[in-house]
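**Student:** What shape does this take:
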Amino acid sequence: MAASYYVLLGDVVSSRNIARREEFQLRLQHACAEAAKQFSATVHARIKLLKGTDEIGAVLNSWQDAFDIVSIILDEIHPYQIRFSLVRGVIDVGENSDDVAKMDGPAFHAAASIINELKQNGLLFQMITGDPQTDMSISNQVSMLLLLRQRWTAKHHQVVMEYRKNETQQFIASKMKITQQEVSRLLRQIHWKQYRIMENLVRNQFKSFGSGGNK
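**Tutor:** Residues are numbered from 1 along each chain as shown. Next comes the predicted model:
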């Protein structure tokens, strides 16, 4: 029986409206390389651009790091958005290749079909890994988190990125040349305390349920 892998596809939202496409492409390439480097243990075929600035793809041995991979990429390309599909399935072309562009199979077809569904319904994430209840629950949670991120301004994002480094509000204020009260206000605007709790809960679900690997 052929082994199952986890195909992760990403489709850039409104890619035709990106003004500086070459600059964005470089940022996206860097984001993919950084995610692949950090999670090389679970990446079967490295994350790369598939259609210029429109689509990215990867093949994973397990889905435990998929949420972190998505988060890293989105952090690197903010404020641009990507819709993602994650599908467990068979790869029957180029299974042993490390180049996702040379691979194909039912898993890719299913992931592409989900991307088309996401374009229609406006959601940003859906996964099919074999457990319908788990897939629906986690898909909804991730989509909600990604939709909330869409409301972040450049300042919101900068504050969050610094806060993730465990920097103090006073340090962040000094670095951004704003007041500590302004840092606090920006974090309250995006409900950062609650967002971080939800984000960590989702991350733990990925680590817990997604560590089974391919079978």
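
**Student:** Now do the phi/psi pair for the residue of the chain positioned farthest from its centre.
**Tutor:** Centroid-distance maximum for the chain: Thr179 at 31.6 Å, with C-alpha atoms, centre = their mean. Dihedral angles of Thr179 (phi, psi; degrees, to the nearest 10) stand at phi -80, psi 160.

**Student:** Check His109 and give its pLDDT.
**Tutor:** pLDDT, His109: 96.

**Student:** give the contact list for the spatially closest residue to Gln169 that is not a sequence neighbour.
**Tutor:** Among residues not flanking Gln169 along the chain, Val183 sits closest, at 4.5 Å (C-beta to C-beta, 6 or more residues apart in numbering). Just so you know, the C-beta spots here come from the backbone N, C-alpha and C atoms, and that holds for glycine as well. Applying C-beta atoms under 8 Å, 6 or more residues apart in numbering to Val183 gives the contacts 159, 169, 172-173, 176.

**Student:** how does this structure divide up, domain by domain?
**Tutor:** 4-150, 154-189 (automatic domain parsing).

**Student:** Which residue, other than its chain neighbours, is closest to the most centrally placed residue in the chain?
**Tutor:** Centroid-nearest residue in the chain, with C-alpha atoms, centre = their mean: Val70, separated by 1.4 Å. Of all residues not flanking Val70 in the chain, Phe84 sits nearest, at 5.5 Å (C-beta to C-beta, 6+ apart).

**Student:** Parallel or antiparallel, which strands does the host helix or strand of the one you found pair with?
**Tutor:** Assigned by DSSP states H and E, Phe84 falls within strand 82-90. Within its sheet, strand 82-90 is paired with strand 4-12 (antiparallel), strand 125-128 (parallel), according to DSSP bridges.

**Student:** Mean neighbour count, distance to Tyr80 and mean pLDDT for those strands - can I get that in TSV?
**Tutor:** Output for these, formatted as TSV (neighbours: other C-beta atoms under 10 Å; distance: least, C-beta to C-beta, whole Å; pLDDT from 0 to 100):
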stretch	mean neighbour count	distance to Tyr80	mean pLDDT
strand 4-12	25	7	95
strand 125-128	24	16	98
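
**Student:** Serialize those to a markdown table and add fields for distance to Val93.
**Tutor:** Listed next are these as a markdown table, based on distance: least, C-beta to C-beta, whole Å:
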| stretch | distance to Val93 |
| --- | --- |
| strand 4-12 | 12 |
| strand 125-128 | 20 |
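
**Student:** out of these, nearest to Glu76?
**Tutor:** Ranking the strands paired with strand 82-90 by proximity to Glu76 (C-beta to C-beta) places strand 4-12 first, at 12.3 Å.
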